[in-house]
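**Student:** Pasting a predicted model and its sequence here:
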Amino acid sequence: MRSALFLVFILAFTGCTTERVILSNPQGDELTCETRGYGFFGSVSVRNQLQQCIAEAEKRGYRIR
């Protein structure tokens, strides 16, 4: 039981997630939104961070390619 709990702990707090989106504006300039998260909690927050980056870029005239 103790080793199973340790394994769950290790799996929950290791690993990483990366998401990347490239946006461009009408002038042809590109902007990359990239977020990384490590462990369980980091991977959960990656999506929210990416959406915030995209929203800020869209306010400046960028669109997802």
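**Tutor:** Sure thing, it's come through.

**Student:** pLDDT score for Q52?
**Tutor:** With respect to pLDDT, Q52 scores 96.

**Student:** Then C33 would be within a strand, right?
**Tutor:** Yes. Membership of C33 in a strand is supported by DSSP: H, G, I helix; E, B strand; the rest coil.

**Student:** residues contacting the residue nearest to it when sequence neighbours are not counted?
**Tutor:** Spatial nearest neighbour of C33, excluding adjacent residues (CB to CB, 6 or more residues apart in numbering): C53 at 3.6 Å. In short, each C-beta sits where N, CA and C put it, glycine included. For C53, the contacting residues are 21, 33, 35, by CB atoms under 8 Å, 6 or more residues apart in numbering.

**Student:** Now do C53 against Y38, distance only.
**Tutor:** Using CB to CB, to the nearest Å, we find C53 at a distance of 18 Å from Y38.

**Student:** before we move on, what about T17?
**Tutor:** Separation of T17 from Y38 (CB to CB): 8 Å.

**Student:** Check E56 too.
**Tutor:** Taken as CB to CB, the span from E56 to Y38 is 23 Å.

**Student:** swap in R2?
**Tutor:** From R2 to Y38 the distance is 25 Å (CB to CB).

**Student:** Which residue of the two possesses the greater neighbour count?
**Tutor:** Per other CB atoms under 10 Å, whichever of R2 and Y38 has more neighbours is Y38, with 14 against 6.

**Student:** so what's that one bridging to?
**Tutor:** Beta-bridge pairing for Y38 (DSSP bridges): C16.

**Student:** Could you export whichever strand or helix holds I22 as PDB, keeping only the C-alpha atoms?
**Tutor:** Using DSSP states H and E, I22 sits within strand 16-24. Output of strand 16-24 as PDB, limited to C-alpha atoms (Å, rounded to 0.1, in the frame of the first residue of the first chain):
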ATOM      1  CA  CYS A  16       5.300  18.200 -18.100                       C
ATOM      2  CA  THR A  17       2.800  19.700 -20.600                       C
ATOM      3  CA  THR A  18       3.600  22.300 -23.300                       C
ATOM      4  CA  GLU A  19       1.100  24.000 -25.600                       C
ATOM      5  CA  ARG A  20       2.000  26.400 -28.300                       C
ATOM      6  CA  VAL A  21      -0.100  28.500 -30.700                       C
ATOM      7  CA  ILE A  22       1.200  30.800 -33.400                       C
ATOM      8  CA  LEU A  23      -0.700  34.000 -34.200                       C
ATOM      9  CA  SER A  24      -0.200  36.500 -37.000                       C
END
